[in-house]
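Engineer: Got a sequence here, can you model it:
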Amino acid sequence: MSVLSLKPRPEDVDALMREIGGRARAAARRMALVPGPAKDEALREAARALRAAGAAILDANAADMAEARAKGLPAATLDRLALNPARIEAIAQGLESVAGLPDPVGRTLATFERPNGLTIERVATPLGVVGVIFESRPNVTADAGALCLKAGNAAILRAGSESLRSATAIAEAMSAGLTRCGLPADAIQLVPTRDRAAVGAMLTGLDGAIDVIVPRGGKGLVARVQDEARVPVFAHLEGICHVFVHAAADLAMARSVVRNSKMRRTGICGAAETLLVDRACAATHLAPMVTDLLEAGCAVRGDAAARAVDPRVTPATEEDWRTEYLDAIISVRVVDGLEAAIDHIEGYGSHHTDSILTEDAAAAGRFLAEVDSAIVVHNASTQFADGGEFGFGAEIGIATGRMHARGPVGVEQLTTFKYRVRGTGQIRP
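Structural biologist: Below is the predicted model:
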């Protein structure tokens, strides 16, 4: 029986979560041994089940949407929450896309032989149980579940209260697809309660059941997870992303890339929040780029040089350089060359994604080597900070820490490794 069928027991959330954790750990042991083709067929069957359950999913989403509107949730939240037939089809196609990826489990990462004749292999293995805590996007249920399953893991998913009905309907369809292919239904479990104590229980690790936590949501959620979790966390707190226009930048390219980095989608973590312009090209490059942004509907907050370009530019404060706007707002500063740009990024950035625009290969090389961010970019938009754009099929999130998962967290990053040592009777002297 899947945990999805269990009734919430708000008076004993800890017991409920421990039970979910135990089921996930048992499912993870089975999943670690499932061959790649079987996982892929289960994901394709889950996609078929999602399509078949489309009407039920939309009914559940309509109830979530009605409750969200009644609570007066903002338009951006409503958009993230809303499902329609096209979005359900996109979710199903996402499952099929993950099914088409190479199996990350069992890859031989390294092989070497010691002088004593021992042969040692480093081989990719599943992480185990991945806990995913997310807010309003019900599609994360399928994305996260599929990526965890493809990597041979079990997933415990905790949806935001506003999306619980939608997420439950998606998880039930996926679970039906898994069981029809002989995989454990408990490989993908959705926490069946809105009680916030469930999040706290997950952050404790559920008596060792959870191996890693991935938060997907706003700054408040991520900060809490990073502060309280007793298990490793794959996450980023903020996406304070920069574009540095170097003295040797092509102006036409710079105008296009800067506009795209900021304005393609302003509310994503890969959107540029600060534009840095080399003083050596400011006379020719600054005004066109600032004007482009203003005419695209972006508010510009700048230093003295940026304000001199256009009276619509308002003064930037010290806080602006540290702000993730997630809106049509950008801060602009003129800096004294490459080293000053790198210093600014190190001082104010969040180690997410930073881009340099230049035709100078040496300058680009220094930037890519010295900027300590999860993703560093040369002559391209920061908005490529996305697992799909990296060819990962999807992502469970962006990680800015220094663990093995950094940048988009796809199926390969949801594995760890072990060493296999083969001998012929060697003993250690």
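Engineer: Residues contacting the helix or strand of the chain with the lowest mean pLDDT, please?
Structural biologist: The helix or strand with the lowest mean pLDDT-type score in the chain, counting by mean pLDDT, DSSP states H and E, is helix 75-81 (a mean of 86). Under the criterion CB atoms under 8 Å, 6 or more residues apart in numbering, residues 61, 64-65, 68-69, 73, 135-138, 162-163, 166, 267 lie in contact with helix 75-81. Backbone N, C-alpha and C define where each C-beta goes, glycine included.
Engineer: Export the residues you listed to TSV and append columns for pLDDT.
Structural biologist: Formatted as TSV, the entries for the contacts of helix 75-81 read as follows, by pLDDT from 0 to 100:
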residue	pLDDT
61	97
64	97
65	97
68	95
69	96
73	91
135	87
136	83
137	88
138	94
162	93
163	95
166	97
267	86
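Engineer: Closest one to residue 205 out of those, please.
Structural biologist: Using CB to CB, residue 135 comes nearest to residue 205 of the contacts of helix 75-81, at 21.3 Å.
Engineer: Now that closest one: phi and psi?
Structural biologist: With angles defined as degrees, to the nearest 10, residue 135 sits at phi -110, psi -110.
Engineer: How much space separates it from residue 401?
Structural biologist: Between residue 135 and residue 401 the distance, using CB to CB, to the nearest Å, works out to 20 Å.
Engineer: about what we covered before: which among the contacts of helix 75-81 end up buried?
Structural biologist: Buried residues within the contacts of helix 75-81, defined by neighbour count using 16 or more other CB atoms under 10 Å: 61, 64, 65, 68, 73, 135, 136, 137, 138, 162, 163, 166.
Engineer: Just those residues: which are in helices?
Structural biologist: Residues from those lying in helices, with DSSP state H as the criterion: 61, 64, 65, 68, 166.
Engineer: Reformat those as TSV; add distance to residue 340.
Structural biologist: Rendered in TSV, the data for these read as follows (distance: CB to CB, whole Å):
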residue	distance to residue 340
61	49
64	48
65	48
68	45
166	48
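Engineer: Out of the residues you listed, flag the one nearest to residue 323.
Structural biologist: Of all those, the one sitting nearest residue 323 is residue 68; the distance, using CB to CB, is 27.0 Å.
Engineer: In a strand, residue 102, correct?
Structural biologist: No - Residue 102 sits outside any strand when classified using DSSP: H, G, I helix; E, B strand; the rest coil, being coil.
Engineer: Show the backbone phi and psi for it.
Structural biologist: Residue torsions, per degrees, to the nearest 10, at residue 102 are phi -60, psi 150.
Engineer: just wondering, since we're on it, how far is it from residue 40?
Structural biologist: In this structure, residue 102 lies at 10 Å from residue 40, with CB to CB as the measure.
Engineer: you'd agree residue 278 is up against residue 339?
Structural biologist: No - at 10.7 Å, residue 278 does not count as touching residue 339 under the criterion of CB atoms under 8 Å.
Engineer: so after the lengthiest helix in the chain, what's the next helix or strand?
Structural biologist: The longest helix of the chain (DSSP H) is helix 13-31. Tracing the chain C-terminally past helix 13-31 and defining elements by DSSP states H and E, one meets helix 36-52 next.
Engineer: How about residues contacting that following helix?
Structural biologist: With CB under 8 Å, 6+ apart as the test, helix 36-52 has contacts from 31, 57, 88-89, 91-93, 95-96, 98-100, 103, 105-106, 142, 146, 149-150, 152, 170, 173-174, 176-178, 180-183.
Engineer: mind redoing it with 6 Å?
Structural biologist: Applying CB atoms under 6 Å, 6 or more residues apart in numbering, the contact partners of helix 36-52 are 92, 95-96, 98-99, 103, 146, 150, 173-174, 176-178, 180-181, 183.
Engineer: Nearest to residue 285 among these?
Structural biologist: Residue 285 lies nearest to residue 98 out of the contacts of helix 36-52, by CB to CB, at 41.4 Å.
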